[in-house]
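> just coords:
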Ligand code: BJW
């Protein structure tokens, strides 16, 4: 049995990471679009660096840990690998690393990773645990003044191409079960993955309430991911 999971900010909410749209999608009064677009980065790179620096520091703080939903998915993946010949893939829109920390192995972070940065010229990525600013030296050329400030967060902003779309399309087309957890169903192409599954695929949505995508699912389970996911996968 092939299983495809899509996760969004709601799965990490109980780990203490705020979602995007529940608090009006605002961060210090700025709309998500202001701090998560290439245009926003061009207009005000310091603001965008500050936004990601704060989130990176929070992610690395001991308070933020995988919750019961992340752990249930990781344990289910291990059981599935032992007992079945099918595939299991978590496509996450989240840039946190909580699925990996919980022990999940097949994770595709389609909107990038907060603990990576990339050079705007070479597109090479680097693991990153520090703050980033306009004077940060290039990791490979630390003494080259002309290369300072050419790193950006390795994340996918609006208008940019998400990561792994071909693999996601293939996984959706052969999925027997598709489960979307804690995502608002507003941001594409993630919100359209459910449409790429076959009519025979069992489609389950887990969220606090209905979303604009709910009609595309066979089953909608309302409640917190930390309760609903372990119950579903028990
Ligand atoms: C709980 C809970 C608990 C709370 N338990 N649940 C088609 C139509 C219209 C527009 C477009 C379209 N195609 C493309 C677009 C444009 C655009 C888009 O979608 N715009 C819309 C806003 C209209 N998309 C793009 O630009 C994308 N790129 C693109 O399309 O490239 C072109 C292309 C595509 C395909 C082929 C060829 C070309 C890129 C989108 C990038 C999104 N980037 C961000 C930032 C990433 C970095 C960062 O984290 O800072 O990704 S924006 C932000 O939204 C972030 C998230 O991953 C993403 C989705 O948010 P998510 O996860 O759903 O969170 P919330 O907050 O919205 O919802 C949380 C949910 O959880 C809620 O429903 C709660 O109820 C629930 N919840 N607590 C369970 N405890």
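In hand now; what should we look at? For clarity, every value in this text was computed on a predicted model and none was experimentally measured.
> quickly list the domain ranges of the protein.
For the chain, the structural domains run 1-17+66-111+162-234, 19-63+115-155, going by automatic domain parsing.
> mean confidence for the first one?
To tie it back to what came earlier, the one meant is domain 1-17+66-111+162-234. Regarding domain 1-17+66-111+162-234, the rounded mean pLDDT is 97.
> quick revisit: highest average neighbour count across the domains of the chain?
Most buried of these by mean neighbour count (mean count of other CB atoms under 10 Å) is domain 1-17+66-111+162-234; its value is a mean of 19. All C-beta atoms are positioned from the backbone trio N, CA, C, and that covers glycine.
> centre of the chain to it, how far?
Put simply, domain 1-17+66-111+162-234 sits 10 Å off its chain's centre (CA atoms, centre = their mean, to the nearest Å).
> span of that domain from start to end?
Domain 1-17+66-111+162-234 has an end-to-end distance of 16 Å (CA to CA, to the nearest Å).
> what does stretch 148-165 contact?
33, 36-41, 48-49, 52, 91, 95, 108-114, 116-121, 125-126, 128, 132-139, 189-190 (CB atoms under 8 Å, 6 or more residues apart in numbering).
> if we can go back for a sec, dump the domains of the chain to CSV, plus distance to the ligand.
Below are the domains of the chain laid out as CSV (distance: least, CB to the nearest ligand atom, whole Å):
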stretch, distance to the ligand
domain 1-17+66-111+162-234, 2
domain 19-63+115-155, 3
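> the helix or strand containing residue 113: what's the following helix or strand?
For residue 113, the host element (DSSP states H and E) is strand 112-119. Elements were assigned by DSSP H and E; along the chain past strand 112-119, the next helix or strand is strand 125-127.
> what's the strand holding residue 113 in contact with?
52, 55-56, 59-60, 95-97, 124-129, 132, 138, 150-156, 163.
> isn't residue 208 up against residue 221?
No - at 10.4 Å, residue 208 does not count as touching residue 221 under the criterion of CB atoms under 8 Å.
> what's the closest non-adjacent residue to the residue nearest the centre of the chain?
Of all residues in the chain, the one closest to the mean position by CA atoms, centre = their mean is residue 94, 1.7 Å from it. Among residues not flanking residue 94 along the chain, residue 12 sits closest, at 5.6 Å (CB to CB, 6 or more residues apart in numbering).
> next, that neighbour: secondary structure please.
Three-state call for residue 12 (DSSP: H, G, I helix; E, B strand; the rest coil): helix.
> now for the closest residue in space to residue 9 that isn't next to it in sequence: which residues touch it?
Taking CB to CB, 6+ apart, and ignoring the residues beside it in sequence, residue 9 has residue 19 as its nearest neighbour in space, at 3.8 Å. Neighbour list for residue 19: 8, 9, 10, 12, 13, 182, 184 [criterion: CB under 8 Å, 6+ apart].
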